[in-house]
Each structure stands twice: as structure tokens, then as C-alpha cells.
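[1] below are the sequence and a predicted model; questions follow.
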Amino acid sequence: MSVLPLSHSFIFRGSELMVPSCCENRRVFEGTPVDAARAAFNPADLLYFEVPLIDKSDVIPCFSLNKNVSAPAGWRCISARVLAAEGFVDDGSGVDAGLAAGLLSIVFRACHIAQWVSDSVFCGSCGGKNNFSSSEFARVCTVCGRIEYPRVSPAIIVRISNDNDEILLAHDRKFSGNVYSLIAGFYEAGECLEDTVEREVFEEVGLRVRDVRFISSQSWPFPNSLMVGFSAKYAGGFICCDGVEIEDAGWFNRGNLPQIPGHGSIARRLIEEWRRPPAPASGLLSATR
Ligand SMILES: [Zn+2]
């Protein structure tokens, strides 16, 4: 079964999806009729492309809309990030649930590719026009032949715990409201990801960490990140916020958590997994009866 009917598409403007105003958020994933998109927007502002699924079993029809185009009457935009947060509901297990994770990953893939498509119209080397390659998912310069693949920017996010059963949470000046989250930062060329964890933690809050362990990862197409989640143990130092990105940071236990990031993010998932450790396996319960 196709992800979308052939007659339907996702219309992206940056990381937002353009949909008819009458389309409820929970139905955005069903796509928008291609005919409606072509009728509503100037053809010069709409670029059609198809995103192959990773397993190549299907393609997702998409449009990339010029970023300067406003929503016309009868249309609205919604951020893919908001859809992710709304699509997940906490089922009490401590793990994000609700919207099928597979469906969200498809939307995130399309969102990531849509932004790359709109940013790679011209060759970054000679300025020539790029066309889609006929042999692989890439764009090829029509002048110099340079091949460009979708850009992915790795970033780490780390849950640091101490011997008092607390985790470190920090408020970044970019965060809305009074949200506190885990330390995160971009990978630098030449590092291994464990180096990135140690460097980012020291740069942002002045602490040393040990026992850096990979936990899980998440595609985060805002605009093109791969978030790689780790845990680490506090190894020394006093909290000293960099004052550039991090305005405040502190240790929190399960009973005094501040406002934390919304559902749908790996930050939320890593915090929830710590807050509510997995229930004992049923086999253990039955063995004690
Ligand atoms: Zn070129």
C-alpha cells in the first residue's frame, strides 16, 4: 500500500507543511490533492519532486514551495515539529507513542529532503543549474558534473546523571518560555561523537563527564540534523554556564523537574526514560507469585 495516494502530496515551505485550512492537524499526514496544490500556487513557486522511501518500496510525491510565498486564502501552514509533538501522546510507559513512528519518520524524511531540494537548486561549486540524477538520489550540476547528496548534520544530545540520582538540565536562550533540556551540540569535523559529548558539556556548562554511552538517535529535519542521544556520568567540575547559549543549568531529581521539551523530541524521550524506568519484566512478576 502506498504511503500517499498518487493523487496526493506533501507541500513543504521550509520545515512547514502547507495545507488547506479545513485540514485538521491529524489529517495532514494523508497529504493534499496535487490538483489543489497546482491550482492554488503560482507554478514558478512550486517545485515538484518525489522522495523515495529508504527501502525504495514507494515514493512520496512532494512540492517544495518558495519560502517567500504566503499562505493564500483558504490555506495555512503548520510546522512539522508541531505535528511531531501533537502526534505523540504519552501512553504512560514513559516512551513516546501515539502516531505511528514509521509514519512520522516518513514525514521527517520528506521534510528534510524538501529543504535540501530548495537549497540545492544551483551548484555550490560553479553556480550551474542542478538536475536530479537519474541513477541515484542526488543532484548533479549540468555544467561541472559535481554531485550533491542530501546534507545531514550530526549533533549529540546527552543525559548526564550524578551519584545523587539527578540529571543535568539547562535553559538555552533559544528555548521558548522556561524550558530546560539536555545538553546538545553539533559535531565538529575530526571528532568521534564521544569527543563531541565531552567537548560540548565542558564548553556549555564546564563539567567533565565519563562513561559516555550511546542510547538512541532521531532524525531531526530542522533543517537537517541527526540527533544522536547519549548518557554520561558526572565526573567533576562545577556548573559554569557559557552565557552565550546556556543561561542557566542545574541538577534535578524526579520530584522537581522543570518544564521539559515537548513530546516527539529525543530530548523528551531520554528524560522520560530516566524519569520512569521500565517496569519489571512480567517473567519476574510471575516468578514471585
Ligand atoms: Zn557545477
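    Alright, I've got the coordinates. Residues are numbered from 1 along each chain as shown.
[2] which residues touch stretch 126-133?
    49, 120-123, 138-144, 146-148 (CB atoms under 8 Å, 6 or more residues apart in numbering). Every residue, glycine included, has its C-beta placed from N, CA and C.
[3] restrict these to those near the ion?
    Contacts with the ion within the contacts of stretch 126-133, as defined by CB under 5 Å from the ion: Cys123, Cys141, Val143, Cys144, Arg146.
[4] how about Arg173, nearest residue that isn't a chain neighbour?
    In space, and not counting its chain neighbours, Arg173 is closest to Glu247: 5.2 Å by CB to CB, 6 or more residues apart in numbering.
[5] circling back: so which of the contacts of stretch 126-133 belong to strands?
    Phe49, Arg139, Val140, Cys141, Ile147, Glu148 (DSSP state E).
[6] quick one, grab the pLDDT at the residue nearest to Val143 when sequence neighbours are not counted.
    Distance criterion CB to CB, 6+ apart; nearest residue to Val143, sequence neighbours excluded, is Gly128 at 3.0 Å. Reading off the confidence values, Gly128 has pLDDT 98.
[7] so Gly128 versus Arg151, what's the distance?
    From Gly128 over to Arg151 the distance is 18 Å, taken as CB to CB, to the nearest Å.
[8] who has more neighbours out of these two?
    Gly128 (15 against 12; other CB atoms under 10 Å).
[9] give me the nearest residue to the residue nearest to the spatial centre of the chain, chain neighbours excluded.
    Centroid-nearest residue in the chain, with CA atoms, centre = their mean: Trp220, separated by 1.6 Å. Nearest non-adjacent residue to Trp220, counting by CB to CB, 6+ apart: Met227, 4.7 Å away.
[10] what's the single longest helix in this protein?
    Ranked by number of residues, the top helix in the chain under DSSP state H is helix 101-119.
[11] what packs against it?
    strand 8-13, strand 46-52, strand 59-65, helix 80-87, strand 208-220 (3 or more CB pairs under 8 Å, 6 or more residues apart in numbering; DSSP states H and E).
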